[in-house]
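**Student:** make a model of this:
(chains A, B and C)
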Amino acid sequence: MSKKAKTPRPDGTLGIVIGAGMMGALLLAGLLIPWLGKYDPDEISSDQLLSPSSTHYFGTDMLGRDVFTRVFDAVFVDIGTAFAGVLIPLTVGTIVGTLLGISRNRRVNSFIGSLIDGINAFPFLIFVIALVAFLGAGLSSIILALSLVNWARYARIARTRAVVVNQQGYVEAARTLGYKPSRILFRHIIPNVSSETRAYALSDFTIVIIAVAALSFLGLGVNPPQAEWGAMIKDGANIITLAWWNSVFPGLAICWAGISVAVFSEGLTKRIGEGNQR
Amino acid sequence: MTSDVKLLDVNNVAIGIERRKRETLVLVREANFDVNYGEMVGIVGESGSGKTMICRSIIGTLERRGAAVIGGEVLFEGLDLRTINEAKWKTLRGKVIGYVPQSALAGPNPVLTIEKQLAEALSQVEGTGSMKNRSKELLDLVKIRRVDTVMKQYPYQLSGGMRQRVMIACALASKPKLLIADEPTTGLDVTVQSQIMELLREIRRDLGTAIILISHDLALVDEVCDKIVVMHAGATVEVGPTSSMSKPRHPYTVALNSSRIDVAKPGGELITIKGNPPSVGRWNPGCRFAERCDYVQQDCLVGDHPALSGKKGEHQSACLHADKIGKI
Amino acid sequence: MSKRDVLMEVENVSVTFGSGANAVEAVKNCSLTLHEGEPIGIVGESGSGKSTLARVMAGLQPPSAGQIRFRGDNVFKGNKSFQSGNRNQVQMVFQDPYGSLNPQLTGLSAVAEAVRIHSKVGKDEAEQKALELLERMGIGKLDALKKPRQLSGGQRQRVSVARALSASPTVLLADEPTSAIDQSAQAQLLKLFLGLLNDGLSIVLVSHDLGVIRYLTKRVYVMKDGVFVESGDTETVFNDPQEDYTKMLLASIPGELGKAAKAKLKR
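**Tutor:** Modelled structure (predicted):
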């Protein structure tokens, strides 16, 4: 005779599987559909603004191009840009932040520290938009602008963490054991700092996917005719009441991408949390 | 004297985590001890022995961790704690049963001043006089001087020992009948530890509160408690009045006693217990101490874990060969 | 009594943190000598400065004043320590078992890394040596492959000791090695230290628990607020403490020793 214990908290495996699955499916579709599909993404035709049907699953746009093919043609463009826009700041920010955190040079510390705080004080998207406008439209500008702004956010996280890690016993032990500073930095400090920045990168990824699309929506992204979600939404914005499919489907694709990363990162957090409970 | 209702009676208690599609993970299998009114009982064991789980079953925080009492009974003044609901728990927890957590892990809320902290604890209880005066009385009770200064401070401004005293003060706000102190001095200096033990003794003497002291340190428990309960791998393996525990009757207690630093000769032989405490849930058949036991016999390795001999109140041992141990 | 080799000397060392109005003197003009074969203890409460002193001796913190010498040579040249190739001679075990191991490395990796750097051997040989060292510390092969979070406090401490020993040091500084672990794990660790002492390692034990100091050391320095208030042979200080502070520390030892000291106090 006993009280039933509450079911233990679910672990994160489901989230990881679903998130990875969703993203995997998207990437696979992005690879296969433009290649194997009936239509060419840039193929103009006279079948303009047809609503979704069995021949054009997502309908056609103003220039008669098949929206379905275009949506998936944009996958690697959008996700690839977002990926670069996260990877570069992650790497640069982690290294700079870590070096700052362990440095004892007060002048360098306060100078770069102020730089980081200054950049972080600006609202992210506005700063990026301004930079892209300055650098000129285009995907490479977007990646550059993202990098120039975002590295500071990673650097701040890395710096705080590096200060803590630097005081931990295993780092002091490494020093006592006479390990070379480069070894201590790359094998002991950075791996334990990057665990935090990598976690941040996952959540940042979702935001950057949206940011890339937003920039293109504003006309600062790809050059036509390259398919890209933000640009597609913009093209469809004026005629949204007449031909909703032009904006809605790319929009759904963005949601799908963002949700898959969010679900994955939630699941991962839960899994790591479980491990820490022992 | 009629057969008194004991303050706390833990009878053959088993605690486990029920998991879907897998066997229940048993954390505690046969916990057996009792606490009389005004008694100071020490529960000694290594990590994983189940001592903290028992303590959670007494204050009702097992559910939150997905665990539950799956066997036996925990009787508080005759009331079976397994049968009560959360509403009833709220009348016990923090009122009649107090709890002081491990010093290193928890502590006073870092964002509240000590005054607010105490006020929160006191608001649950009726009393005479202003909140401020009642708070000062509590700080007095735990021997904190400079009461006016401390009231206005935040936990980070206090030393580890002072913080523990504040936690004890909060637990005493409701003048509980039973106070559970879970490793209250682990991580604190021995000088602070000594003062806190003295404090607990005074509280017991002046307020008549029964105290359960959970510790891994046999020397400490030996010094301050009336009764000692020894836990190993989820079971109570020995229990008895402190005076008779100086002649232990279970090999585990013998080993713990021999590994005490306060009775070892400087630079001399220090007997340690072989191996490591068994991992939770991965228990072998037979006596769960058998693998690490110096006196192990064939019959120790089979069957069920030995039950405690004798009756509550006597010196009980869960060793099949307890009589032989006594002779050593 | 034969004159033993002097291994380390702490000469009028002071350590000050911060500056101006915020300056805190953690260590004030302390001196001690470590002879070969004579383990010493530094005992004091939290905040006494004992950990700071230990870190200075380990070369991790430069003193604000005074000298540290290892076998006659100054340890510090400016802010850098152990520059003459003797860095491996003085090693340290830290208090917090939860922070002393890299959470991402298994016990084996951590120790093998140290072995490889000090013995300049290849990866496989280093792992072999590391396993042997861990075995001596009571950490079997299965446990050696676990990450720190899967090990108990006592096991982590023993891995830390194995790592420190990979450098084949002459001196081992142990800063409160037993404070955060179970009584039985404490006993195991102390027994280990005793074995190391018998093997010729010189240990400096820093602790707040005189019971532990008494078990392992021959000389003790009692530290309070950055100053040595009493020092002498461990047995002598135990049986005949001069300072009130020392008497108070003795009376706080849990168990029999404390009881005996308290009784003496009352007389």
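
**Student:** now do the contacts for whatever residue of chain B ends up closest to chain C.
**Tutor:** Proximity to chain C, evaluated over chain B using Cβ to the nearest Cβ, is greatest for B:A219 at 3.0 Å. Every residue, glycine included, has its C-beta placed from N, CA and C. By Cβ atoms under 8 Å, 6 or more residues apart in numbering or on different chains, the contact set of B:A219 is B:260-263, C:183, C:254-256.

**Student:** quick check: closest non-adjacent residue to it.
**Tutor:** In space, and not counting its chain neighbours, B:A219 is closest to C:G255: 3.0 Å by Cβ to Cβ, 6 or more residues apart in numbering or on different chains.

**Student:** that neighbour and B:S259 touch, don't they?
**Tutor:** No - applying Cβ atoms under 8 Å as the test, C:G255 and B:S259 come out as separate, 11.8 Å apart.

**Student:** what sits against A:R153?
**Tutor:** Each residue near A:R153 by Cβ under 8 Å, 6+ apart is listed here: A:89, A:93, A:120, A:124, A:200, A:204.

**Student:** could you provide these in TSV, with additional columns for distance to C:A263, pLDDT and secondary structure?
**Tutor:** Shown next, in TSV, are those (distance: Cβ to Cβ, whole Å; pLDDT from 0 to 100; DSSP: H, G, I helix; E, B strand; the rest coil):
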residue	distance to C:A263	pLDDT	secondary structure
A:P89	67	95	helix
A:G93	63	95	helix
A:N120	63	91	helix
A:F124	69	88	helix
A:Y200	60	91	helix
A:D204	65	91	helix
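
**Student:** can you say which helix or strand has the residue nearest to A:T176 when sequence neighbours are not counted in it?
**Tutor:** Leaving out its chain neighbours, the residue that sits closest to A:T176 by Cβ to Cβ, 6+ apart is C:M92, at 5.1 Å. Per DSSP states H and E, C:M92 falls inside strand C:90-93.

**Student:** backbone phi and psi for C:M8, please?
**Tutor:** Backbone dihedrals for C:M8, given as degrees, to the nearest 10, come out at phi -130, psi 150.

**Student:** list the beta-bridge partners for it.
**Tutor:** Per DSSP bridges, the residues bridged to C:M8 are C:L34, C:F70.

**Student:** swap in the one 5 residues further on?
**Tutor:** The residues listed as beta-bridge partners of C:V13 by DSSP bridges are C:C30.

**Student:** would you confirm that C:L189 contacts C:Q157?
**Tutor:** Yes - if you go by Cβ under 8 Å, C:L189 and C:Q157 touch, sitting 5.7 Å apart.

**Student:** any idea how far the residue in the stretch 51-200 of chain A that chain B sits nearest to lies from chain C?
**Tutor:** Relative to chain B, the nearest point of the stretch 51-200 of chain A is A:G169 (15.6 Å; Cβ to the nearest Cβ). Taken as Cβ to the nearest Cβ, to the nearest Å, the spacing of A:G169 relative to chain C amounts to 3 Å.

**Student:** same thing with A:V75?
**Tutor:** For A:V75 relative to chain C (Cβ to the nearest Cβ), the value is 34 Å.

**Student:** who are the contact partners of that residue?
**Tutor:** Under the criterion of Cβ under 8 Å, 6+ apart, the neighbours of A:V75 are A:26-27, A:29-31, A:253.

**Student:** same question, C:P39
**Tutor:** Contacts of C:P39 (Cβ under 8 Å, 6+ apart): C:197, C:202-205, C:216-219.

**Student:** if you set the cut-off to 10 Å instead, what comes out?
**Tutor:** By Cβ atoms under 10 Å, 6 or more residues apart in numbering or on different chains, C:P39 lies in contact with B:267, C:172, C:174, C:193-194, C:196-197, C:201-205, C:213, C:216-220, C:234.

**Student:** repeat for A:F76
**Tutor:** A:27, A:30-31, A:34, A:83.

**Student:** output those residues as TSV; include the columns distance to C:E243 and pLDDT.
**Tutor:** Shown next, in TSV, are the contacts of A:F76 (distance: Cβ to Cβ, whole Å; pLDDT from 0 to 100):
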residue	distance to C:E243	pLDDT
A:L27	73	92
A:G30	78	90
A:L31	79	89
A:P34	85	83
A:F83	67	92
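
**Student:** just the buried ones from the residues you listed?
**Tutor:** A:27, A:30, A:34, A:83 (16 or more other Cβ atoms under 10 Å in any protein chain shown).

**Student:** and the strands in the stretch 151-300 of chain B?
**Tutor:** B:178-182, B:210-215, B:227-232, B:235-241 (DSSP state E, counting those that start in this stretch).

**Student:** closest residue of chain C to chain B?
**Tutor:** For chain C, Cβ to the nearest Cβ, closest residue to chain B: C:G255, 3.0 Å.

**Student:** next, count neighbours for that residue.
**Tutor:** A total of 19 residues lie near C:G255 under the criterion other Cβ atoms under 10 Å in any protein chain shown.

**Student:** how about C:A58?
**Tutor:** 26.

**Student:** pLDDT score for the residue nearest to it when sequence neighbours are not counted?
**Tutor:** Sequence neighbours aside, C:M92 is the residue nearest to C:A58 in space, at 4.3 Å (criterion: Cβ to Cβ, 6+ apart). Listed pLDDT for C:M92 reads 94.

**Student:** stretch A:180-189 near chain C anywhere?
**Tutor:** Yes - interface with chain C: stretch A:180-189 contributes A:180, A:183, A:187-189 (Cβ under 10 Å from any Cβ of the partner chain).

**Student:** and the strands in chain C?
**Tutor:** Assigned by DSSP state E, chain C shows strands spanning C:6-17, C:24-35, C:40-43, C:65-70, C:73-74, C:76-77, C:80-81, C:90-93, C:171-175, C:202-207, C:219-224, C:227-233.
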